[in-house]
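In: no sequence on this one, just coordinates:
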């Protein structure tokens, strides 16, 4: 009888101990790093996609993969904040905004484009965005509505907004002040 009681007590303690271990076990969740150098784009993106911002620091507009930040975007019918966190030692001179890889993407809308550089901000609301960026031939733009749609052009799908000179001026103000 004492053996059964002992085994029952041992089993109960063992099960409770195992149960406690399971409760304290945590899954590592990757939390995005919040940089002091970031670009936040408030926009409507109807379908899942991947956006990328390229940057230069040498005053040219020669862009490469090493100096870029990519963000996956979950499609939704309402405005969302898309945050691009950059290395804090970056000193922008120009930016290029690649707006998607999804060939089935629909009309998107820019609500706001903000560059936050150590608390100093440059902002282009709505269609003011188009004073700082020019679309390539793979985008159809409605400046009044602040909307754009990627064009289907054979096998090529590379919708891009290239920087205009006023953007370089605004970025220089942020970086040098």
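Out: Perfect, I can see it now. Remember, predicted model here, so these are calculated numbers, not experimental data. Numbering: from 1, shown residues only.
In: which residues of this structure fall in strands?
Out: For the chain, strands defined by DSSP state E occupy the ranges 37-45, 49-56, 68-73, 76-85, 94-98, 108-117, 120-125, 133-135, 139-142, 147-150, 160-163.
In: what does the first one contact?
Out: Residues outside strand 37-45 that contact it (CB atoms under 8 Å, 6 or more residues apart in numbering): 51, 53, 73, 75-88, 90, 95, 97, 100, 105, 108-118. The C-beta positions use only the backbone N, C-alpha and C, and glycine is treated the same way.
In: thinking again about what came up before, dump the strands of the chain to JSON lines, plus distance to residue 170.
Out: Listed next are the strands of the chain as JSON lines, based on distance: least, CB to CB, whole Å:
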{"stretch": "strand 37-45", "distance to residue 170": "12"}
{"stretch": "strand 49-56", "distance to residue 170": "14"}
{"stretch": "strand 68-73", "distance to residue 170": "19"}
{"stretch": "strand 76-85", "distance to residue 170": "17"}
{"stretch": "strand 94-98", "distance to residue 170": "10"}
{"stretch": "strand 108-117", "distance to residue 170": "8"}
{"stretch": "strand 120-125", "distance to residue 170": "5"}
{"stretch": "strand 133-135", "distance to residue 170": "12"}
{"stretch": "strand 139-142", "distance to residue 170": "20"}
{"stretch": "strand 147-150", "distance to residue 170": "21"}
{"stretch": "strand 160-163", "distance to residue 170": "10"}
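In: of all those strands, which lies closest to residue 177?
Out: Smallest distance to residue 177 across the strands of the chain (CB to CB): 6.4 Å, for strand 120-125.
In: if we can go back for a sec, any chance of JSON lines for the strands of the chain, columns distance to residue 176, mean pLDDT and mean neighbour count?
Out: JSON lines is the format used below for these (distance: least, CB to CB, whole Å; pLDDT from 0 to 100; neighbours: other CB atoms under 10 Å):
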{"stretch": "strand 37-45", "distance to residue 176": "14", "mean pLDDT": "97", "mean neighbour count": "20"}
{"stretch": "strand 49-56", "distance to residue 176": "15", "mean pLDDT": "97", "mean neighbour count": "20"}
{"stretch": "strand 68-73", "distance to residue 176": "22", "mean pLDDT": "97", "mean neighbour count": "16"}
{"stretch": "strand 76-85", "distance to residue 176": "21", "mean pLDDT": "97", "mean neighbour count": "14"}
{"stretch": "strand 94-98", "distance to residue 176": "15", "mean pLDDT": "97", "mean neighbour count": "21"}
{"stretch": "strand 108-117", "distance to residue 176": "10", "mean pLDDT": "98", "mean neighbour count": "20"}
{"stretch": "strand 120-125", "distance to residue 176": "10", "mean pLDDT": "97", "mean neighbour count": "14"}
{"stretch": "strand 133-135", "distance to residue 176": "21", "mean pLDDT": "97", "mean neighbour count": "18"}
{"stretch": "strand 139-142", "distance to residue 176": "31", "mean pLDDT": "96", "mean neighbour count": "16"}
{"stretch": "strand 147-150", "distance to residue 176": "31", "mean pLDDT": "96", "mean neighbour count": "19"}
{"stretch": "strand 160-163", "distance to residue 176": "17", "mean pLDDT": "97", "mean neighbour count": "20"}
